[in-house]
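In: next comes the sequence, and after it the predicted model I'd like to discuss.
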Amino acid sequence: MQNFDVINPTRILFGDNHYEKLSELIKSYTDQPKIMLAYGGGSIFKNGIHKKVMDHLSDFEIIEFGGIEANPQFTTLMQAAEICKKENIEFVLALGGGSVIDGVKFIAGATKYDGDPWEVLLREEGKVFSAAISFGTILTLPATGSEANSGAVISRSELNEKRTMGGPLFFPKFSLCNPNVVASLPKRQIANGIVDAFMHTLEQYLTYPTDNLLQERQAEGILSTLIEIGPDVMKDPSNYKLASNLMWCATHALNGNLRLGVPTDWCTHMIGHELTAFFGIDHARTLAIIAPRLYENQFSNKKGKLVQYGKRVWNLTGSDQEIAKTALQKTEAFFQNLGIETTISSYTKVDDNFPELVKQRFIERGWVAMGERQAITPEDVKQIVQAAL
Ligand code: NZQ
Ligand code: ZN
């Protein structure tokens, strides 16, 4: 087992009746009577969550900041950071899915940053967020795990860029995770959530067999649970048992636990972000497009783990070669049965030179040896994207 050093300070309040604790929770992080409530494009007004939350925030003066986009945009978030600076805001409450929560992580850092925070996202030397204001989250979409981790992904569509950020400052102080929110989600978003959680698990599991037996079984537990409940949640999103298991799987898939003591891949995500940056394809769908092709490209490097995955998660028997291949087919079929297409051209028109463009971007960024064995080269990336067209 590899060595590790771990802390996850986020308090998770899971279940359907934690709203009444909101006020006291927030007061433990700020003395200011004024806080910011940040949200997305308005789903919280239609499903009544905004009202429920506001009913428990009467102790505060609330500055509302709405309009954070899916794939949160740098320029929008900068407006929120300016307001926080001007109004001396010390606490932001994120009410939404991964995009709003990620956006609030960025706002928290940008508010305390002197200079242009884009340089932090570009990872320019010496440019880091060294302070951040506090924030908590109320999760409305189980998918990203952002409610329980310290990472964020910020887009800048005018530059076709989607960049990651994070660090210990960006753990939410608390997250309210109420599975009832699943009932109001469009099927498209439920499917996205299942696939994103599945792929977060595979990124940290589908590498090579390791000595961390517990982590491997935990990953297999999440994958098996998602396969078991995924199609049923789609049919019956009001079912609390199903919704709560989906939400808990998604949190566990990316709360930092699965990566402990094991190698990780993450290259599907790195390529997938390019598809969102150029074509606006939903994050989870980019993963469903890229992963099957990446696993084919890396078949021999990943074969040992593919066999384990096939046997333990899909209950397959046969030769190792058959099991590994069938496990991949089953994975792609699982995504497709949730209504998720697995080629780029089913979402958008795409130029023939797009695979080369992605390759060049990876080279420019110095991403030349990726995946758990550093065996994925920019040329492999090009071939993976080519195969995904
Ligand atoms: O904006 P509103 O109107 O609220 O609508 C949203 C949005 O259109 C809607 N929605 C959310 N909760 C709802 C709801 N509609 C009805 N009822 C509800 N209860 O769903 C749409 C998508 O929301 P979004 O937050 O964009 O989805 P998701 O949670 O999948 O987040 C995706 C973003 O997270 C990033 C992705 O790259 C993408 O930008 N990720 C963040 C990660 C992290 N921080 O750890 C890891 C992930 O790999 C991912 O990269
Ligand atoms: Zn993801």
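Out: Nice, thanks for sending it over. Ligands and ions are numbered 1, 2, ... in the order given.

In: is the residue positioned nearest the centre of the chain in a helix, a strand, or coil?
Out: The central residue of the chain, meaning the one whose C-alpha is nearest the mean C-alpha position (CA atoms, centre = their mean), is T144 at 2.9 Å. T144 falls in the coil class when you classify it by DSSP: H, G, I helix; E, B strand; the rest coil.

In: that one and F60, how far apart?
Out: Distance of T144 to F60, given as CB to CB, to the nearest Å: 27 Å. Heads up, the C-betas are built off the backbone N, CA and C, glycines and all.

In: then G318?
Out: Relative to F60, and taking CB to CB, G318 is found at 61 Å.

In: which of these two has more residues huddled nearby?
Out: When G318 is set against F60 and neighbours are counted by other CB atoms under 10 Å, the residue ahead is F60, at 21 against 13.

In: how about the more buried one, what does it touch?
Out: For F60, the contacting residues are 23, 26, 33-35, by CB atoms under 8 Å, 6 or more residues apart in numbering.

In: if we can go back for a sec, and the nearest residue to the residue nearest to the centre of the chain once chain neighbours are set aside, how many neighbours?
Out: In space, and not counting its chain neighbours, T144 is closest to G98: 3.2 Å by CB to CB, 6 or more residues apart in numbering. As a burial measure, the neighbour count of G98 was computed by other CB under 10 Å and equals 30.

In: correct me, but G98 touches A143?
Out: Yes. When contacts are counted by CB atoms under 8 Å, G98 is listed as touching A143 (5.7 Å).

In: now for the two: what residues contact both?
Out: With the criterion set as CB under 8 Å, 6+ apart, the overlap between the contacts of G98 and A143 is D196.

In: measure the residue nearest to T144 to V104 for me?
Out: 11 Å.

In: need the phi and psi values for the residue of the stretch 251-389 of the chain found nearest ligand 1.
Out: Minimum separation of the stretch 251-389 of the chain from ligand 1 (CB to the nearest ligand atom) falls at H283, amounting to 3.8 Å. Dihedral angles phi and psi of H283 (degrees, to the nearest 10) take the values phi -50, psi -50.

In: which residues does the nearest residue to S184 once chain neighbours are set aside contact?
Out: Taking CB to CB, 6+ apart, and ignoring the residues beside it in sequence, S184 has N47 as its nearest neighbour in space, at 3.7 Å. For N47, the contacting residues are 140, 181, 183-184, by CB under 8 Å, 6+ apart.

In: same thing with L223?
Out: For L223, the contacting residues are 198, 201-202, 205, 309, 313, taking CB under 8 Å, 6+ apart as the criterion.

In: one more: T10?
Out: 147-149, 171-175, 255.

In: now flag whichever of the residues you listed is closest to ligand 1.
Out: N149 (4.9 Å).

In: can you spell out the domain ranges of the protein, please?
Out: According to automatic domain parsing, the chain comprises the domains 11-177, 187-388.

In: average model confidence for the last one?
Out: Predicted confidence along domain 187-388 averages 98 (mean pLDDT).

In: again with the first one
Out: For domain 11-177, the mean pLDDT works out to 97.

In: rewinding a little: just the contacts of F60 that are near ligand 1?
Out: Checking these against ligand 1 by CB under 6 Å from any ligand atom, not one of them is in range.

In: near ligand 1, which residues of the stretch 201-350 of the chain?
Out: Proximity of the stretch 201-350 of the chain to ligand 1 is assessed by CB under 6 Å from any ligand atom, with 254, 269, 283 identified as the residues in range.

In: recalculate using a threshold of 5 Å.
Out: Proximity of the stretch 201-350 of the chain to ligand 1, by CB under 5 Å from any ligand atom, involves residues H283.

In: what are the boundaries of the strands in the stretch 201-350 of the chain?
Out: Ranges of strands within the stretch 201-350 of the chain: none, based on DSSP state E, counting those that start in this stretch.

In: got the residue ranges for the helices in the stretch 151-300 of the chain?
Out: Secondary structure of the stretch 151-300 of the chain (DSSP state H, counting those that start in this stretch): helices at 187-205, 213-235, 240-253, 267-279, 283-297, 299-312.

In: out of those, which comes closest to G109?
Out: Among the helices of the stretch 151-300 of the chain, the nearest to G109 by CB to CB is helix 267-279 (19.3 Å).

In: and that closest one, which residues are buried?
Out: Residues of helix 267-279 classed as buried by neighbour count (16 or more other CB atoms under 10 Å): 267-278.

In: quick check: the farthest pair among those residues?
Out: Put simply, by CB to CB the two of these set farthest apart are C267 and F278, 17.4 Å from each other.

In: got the contact list for N160?
Out: Taking CB under 8 Å, 6+ apart as the definition of contact, the neighbours of N160 are 277-278.

In: could you say which helix or strand contains K359?
Out: Secondary-structure assignment from DSSP states H and E places K359 in helix 354-364.

In: who's in contact with that helix?
Out: Against helix 354-364 from outside (CB under 8 Å, 6+ apart): 270-271, 274, 278, 344, 351, 368, 370, 378-379, 381-383, 385-386, 389.

In: just the buried subset of these, written out for ChimeraX, thanks.
Out: Restricted to buried positions by 16+ other CB under 10 Å, the ChimeraX selection for the contacts of helix 354-364 reads:
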select :270,271,274,278,344,370,378,381,382,383,385,386
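
In: just the contacts of helix 354-364: which are in helices?
Out: 270-271, 274, 278, 378-379, 381-383, 385-386 (DSSP state H).

In: greatest separation within those: which pair is it?
Out: Taking every pair in these and measuring CB to CB, the maximum separation is 19.5 Å, between F278 and E379.

In: buried residues, the helix or strand where L77 lies. List them.
Out: Using DSSP H and E, L77 maps to helix 74-86. Residues of helix 74-86 classed as buried by neighbour count (16+ other CB under 10 Å): 74, 77-78, 80-81, 84.
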